[in-house]
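Chemist: I need the structure of the sequence given here:
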Amino acid sequence: MTQLPNFTQSLTQLIACSSISSTQPSWDQGNLEVIQLLATWFEQLGFDINIQKVPNTTNKYNLLAKLGSGEGGLLLAGHSDTVPFDESRWQSDPMNVIDKDEKFYGLGTCDMKGFFAFILQVCKSVDVKKLKKPLYVLATADEETTMAGARFFGQTQDIKPDVAIIGEPTNLVPVVMHKGHMSHRISVEGQSGHSSKPSLGVNAIEIMYEVIGALIDLKKKFNLNFKNEAFDVPAPTLNMGAIKGGDNANRICGHCDLDIDLRSLPGMSDDELLQWLSDALKPLAEKYPARISFDELHPSSPSFEQNKYPTDDNCIVSIAEEISGHTCCAVNYATEAPYIQQLGCQTIVLGPGSINQAHQPNEFLAHSEIDKTDKLLISMIQHYCLS
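Modeler: Residues are numbered from 1 along each chain as shown. This is a model prediction of the structure:
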């Protein structure tokens, strides 16, 4: 049997397994190498291993490792992919862990391959004979793009843990609520022509100008009608992120696209947001028949909320606050939590590192996270699998 790596070694090997997810085919990679590496390690610790190909993807896989038997238990979950990187902005090789200034630098150290290195070290001390409930480890694919891995896993309903912890970087502060995310492209079809005769064409940019005005009014309605003070940005948000139209200064613009991003509060459905968007654009659609349309850019990610159950001694909200020493909070970004929650388990987002490091050049995981994360994971395993 090959000796299992220590924390630094396992982190280094995980980061070296490139598994970038991107909507750009030139960047997008499979994740089988990192999945097989995790499978090898956890199999040595006595876990039963199940690797599943994620449907409708190219070389993308989920890993589910199970230790012990019975019902319920604890699921420790995370994603195996990373975002792309701009090497010119990194001070070191993103795929090679550098230990410097009490920090581990590398792509995925924080978001979030480092979480699996922590799990591996903690599991070395777990005695399977003492487990009263199973311990699961889940590594998913494509969280950074389509969340296809978590979507597929949530639909299969293969396991029924009592509790799931998703180890995204939260500074070990339990997250029990986050916004949803959806993105759409609004398209305006005009009629191109020579700029010297505007009346012979229809300028798509000018129509898009009116569309933008309607969207700004919609943002104001969001701020007036919806608020959740648990968030530091309490209203739903609408961002106009990218615009493209026309081809030359002396031509009437014949087509214009605007890409927008909508982030909903818990309790708001996708249908509700789309109805608001449709209502906002309806007067312009009637003014300019058959010229304005909008389509989904990517599959939407729902909002997430884990309720607290004051009378339940095993309520993950109370247990997480007690073990972490932090009060639960809400965040504006999206995670895999709503898909994992479909398993019927209490779910929180709780992991080492800061979200401020995620998707950034020179991403790092601080040494100061090591002892705190080890103790937290050990306490969670003891509470939900050994007690």
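Chemist: wait, isn't Gly46 in contact with Lys129?
Modeler: No: if you go by CB atoms under 8 Å, Gly46 and Lys129 don't touch, sitting 10.0 Å apart. For glycine as for every other residue, the C-beta is placed from the backbone atoms N, C-alpha and C.
Chemist: who's more crowded, these two?
Modeler: Gly46 (15 against 7; other CB atoms under 10 Å).
Chemist: and the more buried one, its phi and psi?
Modeler: Torsion angles at Gly46 (phi, psi; degrees, to the nearest 10) stand at phi 100, psi 10.
Chemist: ok, Pro372 - contacts?
Modeler: You called it Pro, but residue 372 is Lys. 172, 352 (CB atoms under 8 Å, 6 or more residues apart in numbering).
Chemist: what of Asn56?
Modeler: Ala148.
Chemist: give me the distance between it and Gly149.
Modeler: Noted for Asn56: a distance of 11 Å to Gly149, by CB to CB, to the nearest Å.
Chemist: got it, and Asp247?
Modeler: 39 Å.
Chemist: am I right that Ile186 sits in a helix?
Modeler: No: counting by DSSP: H, G, I helix; E, B strand; the rest coil, Ile186 is not part of a helix but strand.
Chemist: next up, the contacts around it.
Modeler: 208, 211, 257-260, 281, 292-294.
Chemist: returning to what we had before: more neighbours, Asp247 and Gly149?
Modeler: Taking neighbours as other CB under 10 Å, Asp247 and Gly149 compare with Gly149 leading, 29 against 9.
Chemist: show me what contacts that one?
Modeler: Per CB under 8 Å, 6+ apart, neighbours of Gly149: 54, 60-62, 79-80, 140-143, 336.
Chemist: walk me through the domains of the protein.
Modeler: Following automatic domain parsing, one gets these domains for the chain: 7-178+303-386, 181-301.
Chemist: need those domains in TSV with mean pLDDT, can you?
Modeler: Below are those laid out as TSV (pLDDT from 0 to 100):
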stretch	mean pLDDT
domain 7-178+303-386	95
domain 181-301	96
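Chemist: out of these, deepest packed?
Modeler: Of all the domains of the chain, domain 7-178+303-386 has the most neighbours on average by mean count of other CB atoms under 10 Å, namely a mean of 20.
Chemist: next, the distance between the ends of that one.
Modeler: 24 Å (CA to CA, to the nearest Å).
Chemist: and stretch 91-104, by the same measure?
Modeler: 13 Å.
Chemist: likewise stretch 321-339?
Modeler: 23 Å.
Chemist: what sits against Lys244?
Modeler: 256-257.
Chemist: distance-wise, check it relative to Arg185.
Modeler: Lys244 sits 10 Å away from Arg185, going by CB to CB.
Chemist: His79 too?
Modeler: 26 Å.
Chemist: same thing with His178?
Modeler: Distance from His178 to Arg185, by CB to CB: 24 Å.
Chemist: now Gln342
Modeler: Counting by CB to CB, the gap between Gln342 and Arg185 amounts to 28 Å.
Chemist: and if you look at Ala214?
Modeler: Taking CB to CB, one finds Ala214 at 16 Å from Arg185.
Chemist: again with Ser293
Modeler: 9 Å.
Chemist: go on, Pro289?
Modeler: Pro289 is 20 Å from Arg185, by CB to CB.
Chemist: so which residues of the chain form helices?
Modeler: For the chain, the helices defined by DSSP state H cover 7-16, 32-44, 113-123, 148-156, 204-225, 270-287, 316-324, 337-341, 369-381.
Chemist: now the longest one, how far from the chain's geometric center?
Modeler: Taking the mean of its C-alpha atoms, helix 204-225 sits 28 Å from the chain's own mean (CA atoms, centre = their mean, to the nearest Å).
Chemist: contact partners for the closest residue to His184 other than its chain neighbours?
Modeler: Spatially, and ignoring its direct neighbours in sequence, His184 is nearest to Phe294 (4.9 Å; CB to CB, 6 or more residues apart in numbering). By CB under 8 Å, 6+ apart, the contact set of Phe294 is 184-187, 277, 281.
Chemist: that concludes my questions; thank you for your assistance.
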